[in-house]
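Colleague: Take a look and give me a structure for this.
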Amino acid sequence: MAKINPDTLNLEERVVRTNKCQKTTKGGRTMSWSALVIVGDRDGHVGAGLGKARAIPDAIRKGIEAAKKNMIEVPVVGGTLTHEIYVKEGAARIMLKPASEGTGIVAGSSMRTILELAGVHDVLGKSLGSNNSANICWATFEALKQMKRVDNVAHHRGKAAEELCPWITRVEEVSHG
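Modeller: A predicted model of the protein is given here:
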């Protein structure tokens, strides 16, 4: 897969979670912050990153830089995902299913943010394990990494893309992203 250049994309950033950490030393308490940030262009590209620093703005800036380095391409067809997927990442287990047009994003927590910024309009998502938003974020990101493109699978099976995904209305949608 080709490396995605985040500078060419019109990216939107969202902070999913901030976390304060205190370390007690001989001189007193030392505070630091971590920020989980999602970036995406709402057109099939999304990234997630974690930044840590002594101040919140610095942590968010580092998170954005890390998310831009972790950009992936999500195969979105007709506003939804190409196939159902179940992923276990750490303590989080998530399930994502394609949904019919007009359903919207039926998912909670950080899963909704990632799917919105990836450009998915209709999907059913369920968190089955951990309630931790960071764990759900990484599991969702891993699920989107594992998604298969319809045109690749169709070519592999020797079929037309419309045969595999009946909700595809135009062939141009498959090559889109």
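
Colleague: And the helices in the protein, which stretches?
Modeller: Counting by DSSP state H, the chain has helices at residues 56-69, 109-118, 133-146, 150-157, 161-164, 172-176.

Colleague: where's Gly102 relative to Lys159, distance?
Modeller: Distance, Gly102 to Lys159, using Cβ to Cβ, to the nearest Å: 27 Å. In short, each C-beta sits where N, CA and C put it, glycine included.

Colleague: Let's see stretch 121-138 as CSV, backbone CA atoms only.
Modeller: Presented in CSV, the C-alpha positions along stretch 121-138 are these (Å, rounded to 0.1, in the frame of the first residue of the first chain):
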residue,chain,number,x,y,z
HIS,A,121,-22.1,7.5,6.5
ASP,A,122,-24.1,4.3,7.1
VAL,A,123,-22.7,1.6,9.5
LEU,A,124,-23.6,-0.4,12.5
GLY,A,125,-20.9,-0.6,15.2
LYS,A,126,-20.9,-2.4,18.5
SER,A,127,-18.3,-2.4,21.3
LEU,A,128,-18.4,-5.8,22.9
GLY,A,129,-15.5,-5.7,25.4
SER,A,130,-13.8,-2.8,27.0
ASN,A,131,-15.5,0.5,27.6
ASN,A,132,-12.2,2.4,27.5
SER,A,133,-12.4,4.8,24.6
ALA,A,134,-8.7,4.4,23.8
ASN,A,135,-9.0,0.6,23.5
ILE,A,136,-12.1,1.0,21.3
CYS,A,137,-10.3,3.5,19.1
TRP,A,138,-7.3,1.2,18.5
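
Colleague: returning to that earlier point: more neighbours: Gly102 and Lys159, which one.
Modeller: Lys159 (11 against 8; other Cβ atoms under 10 Å).

Colleague: What's opposite Gly40 in the beta bridge?
Modeller: On the basis of DSSP bridges, Gly40 is bridged to Glu12, Val46.
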